[in-house]
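# Sequence and predicted structure below; questions after.
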Amino acid sequence: MEKNTRAFLFLLLKLFLIWLSWKGFIFIIGEESTPIHERFFPALSLKWEFFNAWYKTHLLKVCVLLLKATGYPAWLYQGDTINIGDLSGVGVGNYCLGFQLIYYFTMILAVSEISRFQKAFGMAVGFLAVNFLNVIRLSALAIISAYYYRLSYFFHDYAFNIIVFGSLMVFYYWLVDKKSPH
C-alpha cells in the first residue's frame with residue numbers, strides 16, 4: 001500500500017476514534033433527554049448537567065448583553081431562553097453549547113502533526129472562537145426567532161453550522177499549513 005494511502009487511512013481511523021470517544025462519553029454521561037436516575041452514573045451525570053446549566057446561563061447572559069448593546073430589548077427567561085421584547089425567543093439546551101465541537105476540534109489538533117506550541121495555541125484559540133461564534137450564533141438566532149421565525153430551522157440546522165464549522169476548518173488549515181518543526 002502506498003505511503004499516502006496508509007497516511008490517509010490512518011487519519012480516517014483517528015477521526016473515527018475521536019468520534020467514537022465522544023459517543024462513548026455521551027453514552028456514559030447520558031443524553032439530556034434521559035432522566036438522571038435512568039443514566040449509568042447518575043451522580044456524574046448530575047454534575048455534568050449542573051455544569052452545563054451554569055455555563056449556559058453565563059453564555060446566554062453574554063448574548064443578552066450583546067443584544068441590548070445593539071438596541072434589542074432582550075431578556076433571559078428561566079435561564080435557558082433569550083427573548084426579545086414580548087416576541088418568541090430561542091431556547092437553548094445543555095447540548096447546544098458547543099462542547100462537542102470544542103472536543104472534536106481539540107482532539108483533531110491533538111492528533112495533528114504540528115508542534116506542541118501550535119497545538120496549545122490552536123486549542124486555546126479554538127475554545128475562544130467556538131464561544132465567540134456561539135454568542136453570535138445564539139444572539140442571531142434570537143433575532144431570527146423573534147422576527148423571522150420561519151427561517152429559524154434553516155439557520156439553526158444549516159447556515160450557522162456551516163459558518164462555525166467552516167471558520168474552524170479555515171483556522172485548522174492555517175495552523176497545519178504553517179511550516180514548523182514537529
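Looks like it arrived, so ask away.

# Quickly note the distance from L76 to I82.
6 Å (CB to CB, to the nearest Å). C-beta: built from backbone N, CA, C; applies to glycine.

# if I look at the two, which residues touch both of them?
Common neighbours of L76 and I82, using CB atoms under 8 Å, 6 or more residues apart in numbering, are L60, V64.

# With neighbour numbers in mind, choose between these two.
Legend: neighbour count by other CB atoms under 10 Å for L76 and I82, higher for I82 (25 against 15).

# Within its local environment, how many residues does the closest residue to that one other than its chain neighbours see?
Leaving aside its sequence neighbours, I82 sits nearest to A142 (CB to CB, 6 or more residues apart in numbering; 4.1 Å). For A142, the neighbour count with other CB under 10 Å is 28.

# A142 and G89 touch, don't they?
Yes. Using CB atoms under 8 Å as the test, A142 is close enough to G89 to be in contact (6.0 Å).

# Name the residues contacting each of the two.
The contact lists of A142 and G89 share I82, N83, where a contact means CB under 8 Å, 6+ apart.

# how about the helices in this structure?
3-29, 42-69, 99-111, 116-147, 152-154, 160-177 (DSSP state H).

# Packing partners of the longest one?
Pointing back at helix 116-147 there. With contacts defined as 3 or more CB pairs under 8 Å, 6 or more residues apart in numbering; DSSP states H and E, helix 116-147 has these neighbours: helix 42-69, strand 81-84, strand 90-91, helix 99-111, helix 152-154, helix 160-177.
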